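J.: compute the structure for the input listed below.
(one chain, ligands or ions: 1)
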Amino acid sequence: MKTIRFGIIGCGLMGREFASAAARWMHLTDTKARPEIIGVCDKNEALMGWFTTHLPSVTQTTTDFRDLLANPEIDAIYCAVPHVLHADIYPQIVAAGKHLLGEKPFGMDRAQNEAIDAAIAARPDVLVRCSSEMPYFPGAQKVIDFVRSGAVGNVLEVEAAFLHSSDINPDKVINWKRDVNVNGAYGCMGDLGMHVCHVPLRLGWRPDRVHASLVKQITQRPDGKGGMAPCETWDNATITGNVPSENGNFPLVLKTWRIAPGESNTWSLRVLGMNGSAFFTTKSPRQWQFMQYEAGGRQTWQVEDLGYQSLFGSITGGIFEFGFADAIQQMWAAFVDELAGGDAGGFHCATPSEARAHHNILTAALASGTSGQVVPVDYAR
Ligand SMILES: NC(=O)c1ccc[n+]([C@@H]2O[C@H](COP(=O)([O-])OP(=O)(O)OC[C@H]3O[C@@H](n4cnc5c(N)ncnc54)[C@H](O)[C@@H]3O)[C@@H](O)[C@H]2O)c1
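T.: Numbers count the residues shown, from 1 in each chain. So this is what the prediction gives:
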């Protein structure tokens, strides 16, 4: 089996998730290649000890990401750093000839995304993908297959949501994701938008105009040092887009909420159509729901337990549940498979052009949310 040697830039929450997925690669049964993490980088030196302790393959640690880019042994980079840094670091990774799985949102605004795109265009030999793991849940794949089979007929509405709730606590200490200078003016849309746009864009549903309702409840948070700090970013966004279709336009509702009471990390996708409807939520991770309708017939939702029907085969018994860490690993399997010349199991990771389209949607949504107007989405660039 081919080995693809990785460097990780950003050893925080998501850097550790990738390391864990790579460390249990034996979980997967039908992969063309395996990742080996040989270098790690973080500004915070203390974070790298966890990697060297758990991954004997790591031979390089550095606080300067350019050291990883200069290492000829490294084939590919996973970069998981705060949004404001994407536009500086991603182009350097690509220019160095390293394949890249970059964390979303690929720049904290459209101008930064353009800078990343320019670097990618200059290196067509480098594979670049954007992280978005939730569609790798088996139930999400069922909804996608259902749509692709034509079972939906004319679409009535699509809703994609990503809901968090920990921000309802006013005592939660602030972090960079609530700082407009680091996270970006999109706020919750930048953080969660790729998660809700990925599948609609993959299925060809591009809104031509949007209206967004942006919610701001918490204006300051504890700074962790005994004081308070301004909390500037949008808490919740509900975007309603109009998707043109020759069979009748339909609404695409995108919800990115950080204050959704009771929700810890709920990603859901609901497609309603004249002939068929389908729904998946990570709240019921092994199930999906669907309905097939014929004129005059009964309207009955069916619920199916799927168990572990992953894109890439694994040792897990088919009856067992699939979870977040599995979705991360399946996304990684898709990226590594592409690097090894495969077809990513039929569902490749989000592309730079999908990341660009999601910026176009979010840029219009931000303008709509602040002006109260319906705003056309400009896909020209
Ligand atoms: N796919 C997902 O489900 C998901 C979930 C959470 C976050 N993310 C994304 O992952 C990225 C990182 O988020 P996180 O939650 O891991 O953040 P984090 O704060 O836990 O980790 C970011 C790390 O980057 C390091 N860093 C900052 N500047 C650096 C530099 N110049 N060089 C090297 N390291 C540097 C920080 O020290 C920190 O350890 C963001 O783009 C975020 O949107 C994705």
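
J.: and the stretch 51-200 of the chain, which residues reach the ligand?
T.: Residues of the stretch 51-200 of the chain found near the ligand (CB under 6 Å from any ligand atom) are 65, 80-83, 85, 103-104, 131, 133, 191. Bear in mind the C-beta positions are built from the backbone N, C-alpha and C, glycine included.

J.: farthest pair within these?
T.: Distance extremes for these: the farthest pair is 65 and 133 at 22.8 Å, using CB to CB.

J.: could you pull out the strands for the stretch 151-300 of the chain?
T.: Ranges of strands within the stretch 151-300 of the chain are 155-163, 209-215, 220-222, 228-230, 236-243, 250-257, 266-273, 276-281, 287-292, based on DSSP state E, counting those that start in this stretch.

J.: now the residue in the stretch 151-300 of the chain that the ligand sits nearest to: closest residue in space, sequence neighbours ignored.
T.: In the stretch 151-300 of the chain, the residue that lies nearest the ligand is residue 191 (5.6 Å; CB to the nearest ligand atom). Nearest non-adjacent residue to residue 191, counting by CB to CB, 6 or more residues apart in numbering: residue 177, 5.8 Å away.

J.: which residues does the one you found contact?
T.: For residue 177, the contacting residues are 82, 183, 191, 233, by CB atoms under 8 Å, 6 or more residues apart in numbering.

J.: those in helices, which ones?
T.: Among the contacts of residue 177, the ones falling in helices (DSSP state H) are 183, 191.

J.: coming back round to it: reformat the residues of the stretch 51-200 of the chain next to the ligand as CSV; add distance to residue 244, neighbour count and pLDDT.
T.: Below are those laid out as CSV (distance: CB to CB, whole Å; neighbours: other CB atoms under 10 Å; pLDDT from 0 to 100):
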residue, distance to residue 244, neighbour count, pLDDT
65, 42, 25, 98
80, 35, 21, 98
81, 37, 23, 98
82, 36, 18, 98
83, 30, 24, 98
85, 36, 18, 98
103, 31, 22, 98
104, 26, 23, 98
131, 29, 26, 98
133, 29, 25, 98
191, 28, 23, 95
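
J.: turn the residues you listed into TSV, columns for distance to residue 58.
T.: Below are these laid out as TSV (distance: CB to CB, whole Å):
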residue	distance to residue 58
65	15
80	16
81	18
82	23
83	26
85	22
103	20
104	25
131	21
133	23
191	28
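
J.: just the residues you listed now: which is nearest residue 71?
T.: Comparing those against residue 71 with CB to CB places residue 65 closest, at 10.8 Å.

J.: ok, the closest one to residue 153 distance?
T.: 49 Å (CB to CB, to the nearest Å).

J.: same check, this time on residue 195
T.: The gap separating residue 195 from residue 153 is 27 Å, by CB to CB.

J.: tell me which of these two has more neighbours.
T.: Legend: neighbour count by other CB atoms under 10 Å for residue 195 and residue 153, higher for residue 195 (24 against 14).

J.: once you drop chain neighbours, what's closest to that one?
T.: Of all residues not flanking residue 195 in the chain, residue 162 sits nearest, at 4.5 Å (CB to CB, 6+ apart).

J.: show me what that neighbour is bridged to.
T.: Residue 162 forms beta bridges with residue 256, residue 267, as assigned by DSSP bridges.

J.: which residue is nearest the middle of this protein?
T.: residue 132 (2.4 Å; CA atoms, centre = their mean).

J.: how about that residue, phi and psi?
T.: Note on residue 132: backbone dihedrals following degrees, to the nearest 10 are phi -170, psi 100.

J.: is it true that it touches residue 348?
T.: No: using CB atoms under 8 Å, residue 132 makes no contact with residue 348, being 10.8 Å away.

J.: near the residue of the chain found nearest the ligand, how many other residues are there?
T.: Residue nearest to the ligand within the chain: residue 12 (2.0 Å; CB to the nearest ligand atom). By other CB under 10 Å, the residues close to residue 12 number 14.

J.: need the contact list for it.
T.: Applying CB under 8 Å, 6+ apart to residue 12 gives the contacts 42, 47, 80.

J.: quick one on the thing from earlier: do I have it right that the residue of the stretch 151-300 of the chain closest to the ligand meets residue 256?
T.: Yes: applying CB under 8 Å, one finds residue 191 in contact with residue 256, separated by 7.2 Å.

J.: including secondary structure, could the contacts of residue 12 go into CSV?
T.: Compiled in CSV, those are given as follows (DSSP: H, G, I helix; E, B strand; the rest coil):
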residue, secondary structure
42, coil
47, helix
80, coil
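
J.: for the host helix or strand of residue 147, packing partners?
T.: Following DSSP states H and E, one finds residue 147 within helix 138-148. Where contact means 3 or more CB pairs under 8 Å, 6 or more residues apart in numbering; DSSP states H and E, helix 138-148 is packed against helix 188-202, strand 266-273, strand 276-281, strand 287-292.

J.: for the ones you listed, which one ends up most surrounded?
T.: helix 188-202 (a mean of 26; mean count of other CB atoms under 10 Å).

J.: check what pLDDT residue 30 gets.
T.: Residue 30 carries a pLDDT value of 86.

J.: one step back: may I see the contacts of residue 12 organised as a markdown table, with distance to residue 340 added?
T.: Compiled in a markdown table, the contacts of residue 12 are given as follows (distance: CB to CB, whole Å):
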| residue | distance to residue 340 |
| --- | --- |
| 42 | 28 |
| 47 | 29 |
| 80 | 22 |
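
J.: of these, closest to residue 260?
T.: In terms of CB to CB, no member of the contacts of residue 12 lies closer to residue 260 than residue 80, at 23.9 Å.

J.: in contact with the closest one, which residues?
T.: By CB under 8 Å, 6+ apart, the neighbours of residue 80 are 8-10, 12-15, 18, 103, 131.
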